[in-house]
Structure formats: C-alpha cells, structure tokens
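> Give the three-dimensional model of this entry:
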Amino acid sequence: MTNKLLLSLATAGLLALPAAAQAQGTLRGAAEGAAVGADGIVGGAVGAATGTVGGILGVDDRPRFRSYVRERGARSYSWGGPVRVGTVLPEDSVTYYDVPTEYRVRPGYRYTIVNDQPVLVDRGHRIVEVID
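Numbering: from 1, shown residues only. Below you'll find the predicted structure:
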C-alpha cells in the first residue's frame, strides 16, 4: 500500500512539472533514481522528478558553461531536424568534446554544438540535455 501511495505521489509530481523543464533531465533522473531507489518504480519516478529540475548541468552552471562553449569557438554541426533531448547524432561527422571537470558532470557525457546550440550527449551520441 505504501509503495502505491508513493508511486501515485511521484507520478502526480511529474505531471505537474513544466514540459520544457521535464524534457531536460527526466530520462537521466529516472535511470539514476531507479538505480539507487529501494523500489525501482518509485525510485525511478522520484529520480525523474529530481533530475528534471537541474538536468545534468546544474541550473547555476548553465550560463557559465554556455559562455565557456562559445569562447572556445568550436564549429557547429548542421542538423536538419530539431535539436531536442533524445535525438541521436552521427558518430563520425560530429566533433565531441570533454566537459571540463569544474562542471561536475559524470563521466560518459560530452558536449557538442548543433545548429549553434550547445548540447550534452551520452556515450551513444544521444542528446541528453540542450543548454539553452
């Protein structure tokens, strides 16, 4: 009964989040929450809600990171579709860069620039966060 109540509360919390914020960190938050949660379903839902708020980069780090990327002057990859979370980029025609340690991003994530928009990608070249 307790798990059902927690799941209901977590689901309600997810539905109340703005869609724009939800797209940024929900997938990562759900995966991490499920990995560390006592119950995979509840942990995943709570983790998704938590991950949504800050994304991979903390809210305070985004403007600084955006400036860092622009100062480097790296070339932008031209993508024919929308730049959004979940898009898988090609492996060979895009240049990927390591995220400096000062931004405290977990290993396995890199960044690139797509249509002049900085994005974070996972090991599979899937966009996991758009830095707007």
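> contacts, neighbours, all on C-alpha from now
Fine.
> Helices along this structure, start to end?
Along the chain, the segments classed as helices by DSSP state H run 2-16, 19-36, 40-54, 61-72.
> any residues touching stretch 90-99, and which ones?
Surrounding stretch 90-99, the residues in contact under the criterion C-alpha atoms under 8 Å, 6 or more residues apart in numbering are 77, 105, 109-112, 125.
> hmm, 10 Å instead?
Under the criterion C-alpha atoms under 10 Å, 6 or more residues apart in numbering, residues 65, 69, 74-79, 105-114, 119-121, 123-126 lie in contact with stretch 90-99.
> Show me which of those residues are buried.
65, 69, 77, 105, 109-114, 119-121, 125-126 (16 or more other C-alpha atoms under 10 Å).
> Around residue 90, how many other residues sit close by?
Residues near residue 90, counting by other C-alpha atoms under 10 Å, number 12.
> Which parts of stretch 76-89 count as buried, going by neighbours?
77, 83-85, 89.
> Output that stretch as CSV, nothing but the C-alphas.
The C-alpha trace of stretch 76-89 is given here as CSV (Å, rounded to 0.1, in the frame of the first residue of the first chain):
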residue,chain,number,x,y,z
SER,A,76,28.6,23.9,-35.1
TYR,A,77,27.3,20.8,-36.7
SER,A,78,24.4,21.4,-39.0
TRP,A,79,21.5,19.2,-38.2
GLY,A,80,18.4,19.0,-40.4
GLY,A,81,15.9,18.4,-37.6
PRO,A,82,15.0,19.9,-34.3
VAL,A,83,17.7,20.0,-31.6
ARG,A,84,16.0,18.1,-28.7
VAL,A,85,16.6,15.6,-26.0
GLY,A,86,16.6,12.0,-27.4
THR,A,87,18.0,12.9,-30.8
VAL,A,88,20.8,10.5,-31.7
LEU,A,89,23.7,12.3,-33.6
